[in-house]
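Visitor: When you get a sec, could you give me coordinates for this:
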Amino acid sequence: MHPVTNKRSNRGFTIIELLVYIALTSMILVSVIVMAYPILSGAERLFEKVTAEIESAFVLRKIAWALSSAGAASIDTPALGASAETLKVTLPTATLVFTDDNAGTITLNGTPLTGSRVLFADFAVNYIDDTTDYLEITFTADGEPVGPYRRNLRY
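Guide: The predicted structure is shown next:
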């Protein structure tokens, strides 16, 4: 005699079972995407912030190099208490002019020092003389203030 077989076990999945499995799988995938999105967008914001800091540090190092290579007499400073939008440093081999081009970059003799990922603005050079002879440089990178970078012109 043959054992009695259940006809239902040979039929496979029904359409309703397949729809339930698809719905469960879809809910799991959507919840994974919803949880992963803030992590990915946070990484993007962090990347933008780090890029702005790196480019700002590069500009400040370039300005510090120019100022350290020049004597106080070869730096065009704005009037006491005034602010200028350019920094002109005359070296024995070249004249360096740092300025904000109003298009989001800081330039050195007309050549951009910065890339297009970070918007630079509000480049300002101030001469502070409270018997210390300081030159102060500030600007913004992606709307965040950078500086002040101060340089004593006497030494």
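Visitor: so what's the most centrally placed residue in the chain up against?
Guide: Most central in the chain under CA atoms, centre = their mean is Ala52, positioned 2.1 Å from the mean C-alpha point. Contacts for Ala52 (CB atoms under 8 Å, 6 or more residues apart in numbering) come out as Val118, Ala141, Asp142, Glu144. C-beta here means a position set from N, CA and C on the backbone, and glycine is covered the same way.
Visitor: Give me the spatial nearest neighbour of the third one, chain neighbours excluded.
Guide: The shortest distance from Asp142 to any non-neighbouring residue, by CB to CB, 6 or more residues apart in numbering, is to Ala52 (4.6 Å).
Visitor: In terms of helices and strands, where is the one you found?
Guide: In the assignment (DSSP states H and E), Ala52 maps to helix 15-68.
Visitor: What's the first helix or strand after that helix?
Guide: Using DSSP H and E, the helix or strand that follows helix 15-68 towards the C-terminus is strand 75-76.
Visitor: which of the contacts of Ala52 has the most neighbours?
Guide: Ala141 (25 neighbours; other CB atoms under 10 Å).
Visitor: any weak-confidence spans in the chain?
Guide: Across the chain, the ranges flagged by pLDDT under 70 are 1-11, 71-73, 81, 129-132, 154-155.
Visitor: For the helix or strand harbouring Leu96, C-alpha coordinates in CSV please.
Guide: In the assignment (DSSP H and E), Leu96 maps to strand 95-100. Output in CSV follows, covering the C-alpha atoms of strand 95-100 (Å, rounded to 0.1, in the frame of the first residue of the first chain):
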residue,chain,number,x,y,z
THR,A,95,54.8,90.9,-5.7
LEU,A,96,52.0,88.8,-4.2
VAL,A,97,48.5,90.1,-4.1
PHE,A,98,45.9,88.1,-2.1
THR,A,99,42.3,89.1,-2.7
ASP,A,100,38.7,87.8,-2.7
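Visitor: same for that strand, what does it pack against?
Guide: helix 15-68, strand 86-90, strand 106-108, strand 120-128 (3 or more CB pairs under 8 Å, 6 or more residues apart in numbering; DSSP states H and E).
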